[in-house]
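In: turn this into a model:
(chains A and B)
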Amino acid sequence: MIVAEQKPFEEIKGLIAEANKVLVVGCGTCVTVCFAGGEKEAGILATSLRMATKIAGQPKDVTHLTVQRQCEWEYIDPLAESIGESDIVLSLGCGVGVQALAERFPQAVVVPGLNTTFMGLPTEQGVWEERCAACGSCILGLTGGICPIARCAKQLLNGPCGGSQGGKCEIGKDTLCAWQLIYDRLQAQNRLHMLLEIQPAKDWSTSRDGGPRRITREDLRLAAEAAE
Amino acid sequence: MDTSTNGFHSGSRLERILRGGHFAVTAELGPPQNADPEVIRKKAQLLRGIVDAVNITDNQTAIVRMSSIGAAVLALQEGLEPIAQMTCRDRNRLAMQSDLLGAYALGLRNLLCLTGDHQSFGNHPTAKNVHDLDSMQLIQMVVGLRDAHKFQCGDEVKGQEPRFFVGAAANPFGDPFQWRPLRLAKKVKAGANFIQTQLIYNVPRFAEFMELVRKDGTHKDVYLLAGIGPLKSPGMAKYMRDEVPGLDVPNEFVDRMTAAADGIDKEDKKGRNAAWRAEGIKIAIELVQQVRQIEGVSGVHLMAIEWEEAVKPIVEGSGLLPRPEVPAPVAA
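Out: Presented below is the predicted three-dimensional model:
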């Protein structure tokens, strides 16, 4: 899932400072399961903003609603009326959701209430960790199912570097060394020989380095669009 | 093999020393955090004639310093043989290759290929890191430029190719321990000609590492220089023992450094410093002599960080002066 966390309250207050009517839009998918921008968080944030602006002597009209998915037109199109009535839209979607709202409603001022952080999973209750960097060319088959692009601080393909000690990365004791994990996994599977091969320089053109990415599936496109 | 270098990879003095079977001595020279060439010239005076080649670090510990290549050219002008260093942290493959062309054109002949410390250690922790290539792939690229006359993309180098004697680093004390000799072998397979290790204080552990290296026969395909560094104070010894990832400093050395200033008044800072430094140099000499006995060790790499004055007494005390003269290769 996409993991995000709410921006500091002071920063959010700054983002909406100029507006009187604020619409907080939550999202019912990834950011709901990581407790950052779902129905509950949208409600709490709207209430907090109402209270804070009232205490500050400049009460704002803050309302909130949540859609199932902020990243698809069909889910956000019904927001047209509510968005049209507000001065500013505070999106609690991930960066994709914020941009979907901005793209679909070009007149609306849309600002982000979250910092979208990574693609990952909860490793325990209250802890999320990054797992995928969307490099566009998956090598997990070579690395025991552990991604060094997302999880090694130096994105090494032939690790570990000299800073790996006691299973930890040189950047800090809270960070596991991805290459120690890869080594342990492949050793346990009797596949350590895989690491003896030198992995060649990576083709980063499938990653963000190649420019914004796009996938086109002709088999799925509608006839009218395909004919454009 | 390219005939213009008479069978040598680059014909550098370091390569000639090692190929000649001499026990090599290299040292480290850290460029300044400013643009003053005099800093390099002064440090060069301390090392000239004392060591065979001098590593010029590349933004070491992710702190911005005069570029390795720029400082290496200054060192070359002062009569030293530089080993330029290049990390994968700050440059992509385009920048790396263009710098290598420039470095060769300016007369540099040795290159040490490194991953680079993470930028969070340095003075620009908010920087974006590059790591387009890793150190293994950097070695392959430098060797490809030299031996295949090809850029990383496969295009031919038309005209003079950059020819470096290629080095890589190894940390015998990094984890997983069993993997370290195999990773070293991978670097040799990638084309590394010489290896300089991380600082060694735990000699028995290093000997174990070398036993594994010899078991694979890797020592026959590469020249391995053992990293030795003098301790300056008990504080430094403790810091290196407890805080620096990938270093193994046995308590014995912390104790010896502490004991060195026993009996010297706490107020006599100069006296205590001198006693600590003398002990640090003594320990370094012992370490040089111990690693020299280990089969597969072709030399030592002395890292006296911001203490280049210590190099001469260590080399001298280890009985490694004068350095051998090795004639420059004659073009065939």
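In: in the stretch 101-250 of chain B, which residue sits nearest chain A?
Out: B:Asn171 (3.3 Å; Cβ to the nearest Cβ). C-beta coordinates here come from the backbone N, C-alpha and C atoms, glycine included.
In: if I pick that residue, what's in contact with it?
Out: A:Gly162, B:Arg180, B:Thr197, B:Gln198, B:Gly246 (Cβ atoms under 8 Å, 6 or more residues apart in numbering or on different chains).
In: so can I have a markdown table of those residues showing secondary structure?
Out: Output for these, formatted as a markdown table (DSSP: H, G, I helix; E, B strand; the rest coil):
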| residue | secondary structure |
| --- | --- |
| A:Gly162 | coil |
| B:Arg180 | helix |
| B:Thr197 | strand |
| B:Gln198 | strand |
| B:Gly246 | coil |
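In: which positions in the stretch 201-332 of chain B make contact with chain A?
Out: B:Pro245, B:Gly246 (Cβ under 8 Å from any Cβ of the partner chain).
In: any stretches of the stretch 201-332 of chain B with poor pLDDT?
Out: B:330-332 (pLDDT under 70).
In: if you set the cut-off to 80 instead, what comes out?
Out: Under the criterion pLDDT under 80, the flagged ranges of the stretch 201-332 of chain B are B:329-332.
In: all helices for chain A, in order.
Out: A:9-15, A:30-33, A:39-55, A:73-76, A:80-84, A:95-104, A:148-151, A:178-188, A:223-226 (DSSP state H).
In: indicate which one of those helices is closest to chain B.
Out: helix A:178-188 (5.2 Å).
In: next, count neighbours for the residue of chain A found nearest chain B.
Out: Residue of chain A nearest chain B, by Cβ to the nearest Cβ: A:Gly162 (3.3 Å). Applying other Cβ atoms under 10 Å in any protein chain shown, we find 25 residues neighbouring A:Gly162.
In: surely it meets B:Ala169?
Out: Yes: judged on Cβ atoms under 8 Å, A:Gly162 makes contact with B:Ala169 at a distance of 6.5 Å.
In: find the residues that touch each one of the two.
Out: With Cβ under 8 Å, 6+ apart as the test, A:Gly162 and B:Ala169 both reach B:Thr115, B:Gln198.
In: ok, and the closest non-adjacent residue to the residue of chain A closest to chain B?
Out: Leaving aside its chain neighbours, A:Gly162 sits nearest to B:Asn171 (3.3 Å; criterion: Cβ to Cβ, 6 or more residues apart in numbering or on different chains).
In: residue contacts, B:Gln45?
Out: B:Glu78.
In: show the average pLDDT along the helix or strand where it lies.
Out: Assessed by DSSP states H and E, B:Gln45 sits inside helix B:37-47. On average, the pLDDT along helix B:37-47 is 97.
In: what's in contact with the next helix-or-strand element following that helix?
Out: Downstream of helix B:37-47, the first helix or strand assigned by DSSP H and E is strand B:53-56. Applying Cβ under 8 Å, 6+ apart, the contact partners of strand B:53-56 are B:12-14, B:17, B:24, B:26-29, B:31, B:44, B:47, B:68-69, B:71-72, B:75, B:80-85, B:110, B:112, B:196, B:301.
In: buried ones in the helix holding B:Gln45, by neighbour count?
Out: B:Pro37, B:Val39, B:Ile40, B:Lys43, B:Ala44, B:Leu46, B:Leu47 (16 or more other Cβ atoms under 10 Å in any protein chain shown).
In: what do you get for stretch B:281-289?
Out: B:Ile281, B:Lys282, B:Ile283, B:Ala284, B:Ile285, B:Leu287, B:Val288.
In: in a markdown table: these, plus secondary structure.
Out: Shown next, in a markdown table, are the buried residues of stretch B:281-289 (three-state DSSP):
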| residue | secondary structure |
| --- | --- |
| B:Ile281 | helix |
| B:Lys282 | helix |
| B:Ile283 | helix |
| B:Ala284 | helix |
| B:Ile285 | helix |
| B:Leu287 | helix |
| B:Val288 | helix |
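In: tell me where the chain has strands.
Out: Just going to use chain A. A:2-6, A:21-27, A:61-67, A:88-91, A:110-112, A:114-124, A:127-132, A:168-169, A:172-176 (DSSP state E).
In: oops, chain B please
Out: B:24-29, B:53-56, B:82-87, B:110-114, B:165-170, B:194-199, B:223-228, B:297-302.
In: next one: the second one to chain centre, how far?
Out: In terms of Cα atoms, centre = their mean, to the nearest Å, the centre of strand B:53-56 is set 7 Å apart from its chain centre.
In: one step back: from B:Asp99, how far off is the residue of chain A closest to chain B?
Out: A:Gly162 is 23 Å from B:Asp99, where distance means Cβ to Cβ, to the nearest Å.
In: now do B:Glu156
Out: For B:Glu156 relative to B:Asp99 (Cβ to Cβ), the value is 20 Å.
In: show me which of the two is the more surrounded one.
Out: Between B:Glu156 and B:Asp99, counted using other Cβ under 10 Å, B:Asp99 has the larger neighbour count: 19 against 10.
In: so the more buried one makes contact with B:Gly70?
Out: No: B:Asp99 sits out of contact with B:Gly70 when judged by Cβ under 8 Å, with a separation of 10.2 Å.
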